[in-house]
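S.K.: next one to model:
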Amino acid sequence: QVQLVESGGGPVQAGGSLRVSCLASGYTVCRGDMSWYRQAPGKEREFVVGIGHDGSTTYADSAKGRFTISQDNGKNTLYLQMNRLKPADTAIYYCKTELFPPCVVTTVAYWGQGTQVTVSS
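M.R.: The predicted structure is shown next:
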């Protein structure tokens, strides 16, 4: 059973920076693709950025040029560096990993519990 634990959220002023982390545990043979999502109050959860097992990255338009995803496989940790933060970035940030066949019988996704990021103007 894969477990994901986010940390590093908190309050920050607009224009500031913050780095959130996601510690993964429970991997056996395969590692999954990993991504960050966020959910603002009253809104749907939305994709922010993802990184494949080959290191390829995909960014939502809202994150391009300001956010950077990275991972340290030795520490089983995923990072999201967020710069030039805006009040609109206020949300709970979730880490997600997906495992695909043949690593698993059927595709399965795991989510962390989230970490709150609050950007004040």
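
S.K.: alpha carbons only for contacts and neighbour counts from here, please
M.R.: Noted.

S.K.: measure I69 to Y59 for me?
M.R.: 9 Å (C-alpha to C-alpha, to the nearest Å).

S.K.: quickly list what the residue most central in space within the chain is bridged to.
M.R.: For the chain, the residue nearest the mean C-alpha position is W36 (2.4 Å; C-alpha atoms, centre = their mean). Note on W36: beta-bridge partners V49, C95, judged by DSSP bridges.

S.K.: equivalent analysis for T68, please.
M.R.: Under the criterion used (DSSP bridges), T68 bridges to Q81.

S.K.: OK, contacts around it?
M.R.: Listed by C-alpha atoms under 8 Å, 6 or more residues apart in numbering, the contact set of T68 reads 80-82.

S.K.: go again using 10 Å as the cut-off
M.R.: T68 makes contact with 19, 49-50, 57, 59, 79-83, according to C-alpha atoms under 10 Å, 6 or more residues apart in numbering.

S.K.: and stretch 97-109, what's buried?
M.R.: Across stretch 97-109, burial judged by 16 or more other C-alpha atoms under 10 Å covers 97-99.

S.K.: ah, wrong one, I meant stretch 77-92
M.R.: So stretch 77-92, judged by 16+ other C-alpha under 10 Å, has buried residues 77-80, 82-83, 85-86, 89-92.

S.K.: which ones are touching the residue nearest to S121 when sequence neighbours are not counted?
M.R.: Distances taken as C-alpha to C-alpha, 6 or more residues apart in numbering put A14 closest to S121, at 5.2 Å, once the chain neighbours are dropped. By C-alpha under 10 Å, 6+ apart, the contact set of A14 is 83-89, 118-121.
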